[in-house]
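Asks: whatever this is, show me its structure:
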Amino acid sequence: MTFPLQPTLENDIAILYPLQANEFETLYAVANDPKIWEQHPNKDRWKRDVFQSFFEGAIQSKGAFKIVDKATGEVAGSTRFYDFSEADKSIFIGYTFYGTKFWGTGINPSVKKLMLDYAFQYVDKVQFHIGATNIRSQIAIERLGAIKTGEQEVAYFGEPTKLNFVYTINKSE
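Replies: Just a heads-up that it's a prediction; the model follows:
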């Protein structure tokens, strides 16, 4: 089964556009705030060289999105689909971040629902890697109905391995 990983997705709150290689500066303008990354396992991702690696990984994933706030047209952050498994009928959603001005606005649950609704057309299970110390993201994903189903060491593009919790939402639920 083909799972197109980078469609344009839209609802009444956000538009997800496929992330383009020429959008580094646009996305870095949002990502260069240390507060965004303070609970994240890779706390220095706000630095240009570290974010450059993250951005290159996003482009290479061919599943990354630029999140735009529909009301203002502002870039709110980024997210992606990754690790699609046709055999397990599963995919991960993650590497998500938002500028602090978008925290608590409802954009995150709206974007996750948009992505879940799309993904469940192709898979039966959506999973999320959430940093073991990222309490804010753990609470947010649990509010969407995700259940912690495991723990996994995750390394990203030369960054040190960090403990992540694996959360799962099943289509049947």
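
Asks: ok, longest strand in the protein?
Replies: strand 75-85 (DSSP state E).

Asks: tell me the strands beside whatever helix or strand comes next after it, with direction?
Replies: Sequence-wise, the next helix or strand downstream of strand 75-85 (DSSP states H and E) is strand 90-98. Using DSSP bridges, the strands paired with strand 90-98 are strand 75-85 (antiparallel), strand 125-131 (parallel).

Asks: nearest to Glu23, out of those strands?
Replies: Glu23 sits nearest to strand 75-85 of all the strands paired with strand 90-98, at 8.3 Å, using Cβ to Cβ. Where you see a C-beta, it was placed from the backbone N, CA and C, and this is true even at glycine.

Asks: and the closest one, which residues are buried?
Replies: Neighbour counts over strand 75-85 (16 or more other Cβ atoms under 10 Å) mark 75-82, 84 as buried.

Asks: same question, stretch 60-75
Replies: Buried, per 16+ other Cβ under 10 Å, within stretch 60-75: 61, 63-70, 75.

Asks: how about stretch 146-153?
Replies: Here stretch 146-153 shows Ala146 as buried, counting by 16+ other Cβ under 10 Å.

Asks: put the alpha carbons of that stretch into PDB.
Replies: The C-alpha atoms that make up stretch 146-153 are tabulated as PDB, following Å, rounded to 0.1, in the frame of the first residue of the first chain:
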ATOM      1  CA  ALA A 146      -2.300   7.900  23.500                       C
ATOM      2  CA  ILE A 147      -1.100   5.200  25.900                       C
ATOM      3  CA  LYS A 148       2.500   4.700  26.900                       C
ATOM      4  CA  THR A 149       3.500   1.300  25.400                       C
ATOM      5  CA  GLY A 150       7.300   1.200  25.800                       C
ATOM      6  CA  GLU A 151      10.600   2.900  26.100                       C
ATOM      7  CA  GLN A 152      13.300   3.200  23.500                       C
ATOM      8  CA  GLU A 153      16.700   4.700  23.100                       C
END
